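Visitor: dropping a prediction and its sequence here:
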Amino acid sequence: MPTVLITGCSSGFGLETAKLFLEKGWNVVATMRQPKADLLPDSDNLTVLPLDVTDPDGVREAFGQAGHIDVLVNNAGFGAAVPVELIEPDTARLLLETNTLGTLATMQAILPGFRERRSGTIINVTSSATLKPLPLIGVYRASKAAVNALTESLAVEMEPFGVRVHIVLPGRSPETSFGSNAMPHLRGLDNADYKPMIEGMIASFREESGPVTHATDVAAAIWRAATDPNAPLRIAAGEDAVQWMAEAG
């Protein structure tokens, strides 16, 4: 029975993905910064571990406890919506440490075993926001675009060793905590030039009409990447993400 380790399982895409893999009979190692076992169904196939991807010692400890892993899903991350001009250095640093360097850390933790076994799959969840320029999320986009670039290079490096690597690109999802998590970092409402732009962005976060991405869309895309040897490097997840990828070519 294969085993998947998923980061960021406390809500949203990670939680839904953990549930799907459990339903499919896999062993699931669900990680989160503050473990809450009651978020997931009781199962002998479930292990819940603490993991903050920005803590190198914590990464090593979690992967040591997890044991044999067949598939790594890097889902942990957060967003911040701030004009590039106004973003605070600490916020920019945290975005890059969590979204980019945290993903790099978990990949480096698991790659030696994958390479030696000549098998394994890494799935990095980024964002369809990387497909076109959007205002107010420049540093967030940069952190996720960097993961895209890392993953693309890693896919070439790992091909001779039989290790598959994929990117899942979700669209806008009202079901996640992206908007609420981004609000504490918001800056610029007191700036006459940026205020209209920011108010429009806040309204768009709350808008549920039109094509959106559901957590089940992302879980299904991750499942495809994990189980289909012919899955493409990049997989759009959600109706809006599929449209954006088609437009981007």
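Guide: All right, it came through fine. Numbering: from 1, shown residues only.
Visitor: for this structure, name the helix or strand with the lowest mean pLDDT.
Guide: Ranked by mean pLDDT, DSSP states H and E, the helix or strand of the chain with the weakest confidence is helix 178-182, at a mean of 58.
Visitor: that helix: what's the following helix or strand?
Guide: Downstream of helix 178-182, the next assigned helix or strand under DSSP states H and E is helix 195-206.
Visitor: got the CA positions of that following helix in CSV?
Guide: Extracted in CSV, the C-alpha atoms of helix 195-206 (Å, rounded to 0.1, in the frame of the first residue of the first chain):
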residue,chain,number,x,y,z
LYS,A,195,-7.0,52.2,-2.0
PRO,A,196,-9.3,51.6,-5.0
MET,A,197,-7.2,48.8,-6.3
ILE,A,198,-7.1,47.1,-2.9
GLU,A,199,-10.8,47.5,-2.3
GLY,A,200,-11.4,45.9,-5.7
MET,A,201,-9.1,43.0,-4.7
ILE,A,202,-10.9,42.5,-1.4
ALA,A,203,-14.3,42.4,-3.2
SER,A,204,-12.9,39.8,-5.7
PHE,A,205,-11.8,37.6,-2.8
ARG,A,206,-15.4,37.5,-1.6
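Visitor: quick one: the strands in this structure, in order.
Guide: In the chain, the strands defined using DSSP state E lie at 3-6, 27-32, 46-50, 71-74, 121-125, 164-170, 234-237.
Visitor: which helices and strands does the longest one pack with?
Guide: For strand 164-170, the contact count by 3 or more C-beta pairs under 8 Å, 6 or more residues apart in numbering; DSSP states H and E identifies strand 121-125, helix 138-158, helix 215-227, strand 234-237, helix 239-248 as packing neighbours. C-beta: built from backbone N, CA, C; applies to glycine.
Visitor: most tightly packed of these?
Guide: Mean neighbour count (mean count of other C-beta atoms under 10 Å) peaks for strand 121-125 among these, with a mean of 25.
Visitor: centre of the chain to that strand, how far?
Guide: 9 Å (C-alpha atoms, centre = their mean, to the nearest Å).
Visitor: summarise which helices and strands it is packed against.
Guide: Counting contacts by 3+ C-beta pairs under 8 Å, 6+ apart, strand 121-125 packs against strand 71-74, helix 102-117, helix 138-158, strand 164-170, helix 215-227.
Visitor: JSON lines for these, including mean pLDDT and distance to Asp44?
Guide: Output for the helices and strands packed on strand 121-125, formatted as JSON lines (pLDDT from 0 to 100; distance: least, C-beta to C-beta, whole Å):
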{"stretch": "strand 71-74", "mean pLDDT": "98", "distance to Asp44": "19"}
{"stretch": "helix 102-117", "mean pLDDT": "98", "distance to Asp44": "23"}
{"stretch": "helix 138-158", "mean pLDDT": "97", "distance to Asp44": "32"}
{"stretch": "strand 164-170", "mean pLDDT": "98", "distance to Asp44": "28"}
{"stretch": "helix 215-227", "mean pLDDT": "98", "distance to Asp44": "20"}
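Visitor: same list (these) but as a markdown table, adding distance to Gly14.
Guide: A markdown table is the format used below for the helices and strands packed on strand 121-125 (distance: least, C-beta to C-beta, whole Å):
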| stretch | distance to Gly14 |
| --- | --- |
| strand 71-74 | 8 |
| helix 102-117 | 13 |
| helix 138-158 | 15 |
| strand 164-170 | 11 |
| helix 215-227 | 9 |
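Visitor: looking at the ones you listed, which is closest to Thr54?
Guide: helix 102-117 (5.4 Å; C-beta to C-beta).
Visitor: chain center to the closest one, what's the gap?
Guide: Offset of helix 102-117 from its chain centre (C-alpha atoms, centre = their mean): 16 Å.
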